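> below is the sequence, then the predicted model.
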Amino acid sequence: MAHPRAGPERHPGPGRPLRSIWPFAASLGLAILLIGLICGLWMVVLGAGVIGYATWGWLATVNRENRYGRIEAADTRPSSPPAAPAEAASFNPAEATPHPAEPTAEQDRAQPGDR
């Protein structure tokens with residue numbers, strides 16, 4: 001029998017959650033609450049409110065992710081222009097096709113009576 005963590009038999013599961021600001025907000029609320037124990041009741045109430053709001057936001061994010069899947073922010077960076085083909089990068093004007101109205105090098109060398 002194969003090890004449960006080895007090979008393709010293992011089911012990948014939901015993976016790691018998306019990055020979120022809510023854990024930071026909850027820790028900020030906890031810090032406010034603990035400072036409020038020293039400074040006053042109004043900071044305890046404020047810290048408890050921040051912890052409650054952060055907990056609600058964190059659980060709502062997890063619930064949304066479980067219900068609808070991973071909804072990641074759209075990439076808002078401007079797209080880079082496509083790379084030039086190798087032929088354009090090594091452009092040689094001598095090898096370029098002349099405009100039909102321009103005389104070619106052979107026509108320039110020809111005598112006026114040869115035309």
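Perfect, thanks for sending it.

> doesn't Thr61 make contact with Ser20?
Yes: the pair Ser20 / Thr61 is scored as a contact, 5.5 Å apart, by C-beta atoms under 8 Å. The way it works is simple: take the backbone N, C-alpha and C, and place the C-beta from them, glycine included.

> could you pull out the buried residues of the lengthiest helix in the chain?
Criterion DSSP state H: the longest helix present in the chain is helix 41-68. For helix 41-68, a neighbour-count test (16 or more other C-beta atoms under 10 Å) marks Met43, Val44, Leu46, Gly47, Val50, Ile51, Ala54, Trp58, Thr61 as buried.

> so the last one makes contact with Pro23?
Looking back up the chat, that one is Thr61. No: contact between Thr61 and Pro23 fails when scored by C-beta under 8 Å: they sit 10.3 Å apart.

> three-state assignment of the closest residue to Arg70 other than its chain neighbours?
In space, and not counting its chain neighbours, Arg70 is closest to Leu18: 6.1 Å by C-beta to C-beta, 6 or more residues apart in numbering. Three-state call for Leu18 (DSSP: H, G, I helix; E, B strand; the rest coil): coil.

> tell me the pLDDT of Leu18.
Here, the pLDDT recorded for Leu18 equals 73.

> what do you get for Asp114?
At Asp114, pLDDT is 56.

> buried stuff in the host helix or strand of Gly36?
Per DSSP states H and E, Gly36 falls inside helix 22-39. Using 16+ other C-beta under 10 Å as the test for burial, helix 22-39 gives Trp22, Ala25, Ala26, Gly29, Ile32, Leu33, Gly36.

> quick one, what contacts the closest residue in space to Trp42 that isn't next to it in sequence?
Spatial nearest neighbour of Trp42, excluding adjacent residues (C-beta to C-beta, 6+ apart): Gly36 at 7.2 Å. Neighbour list for Gly36: Trp42, Met43, Val44, Val45, Leu46, Gly47 [criterion: C-beta atoms under 8 Å, 6 or more residues apart in numbering].
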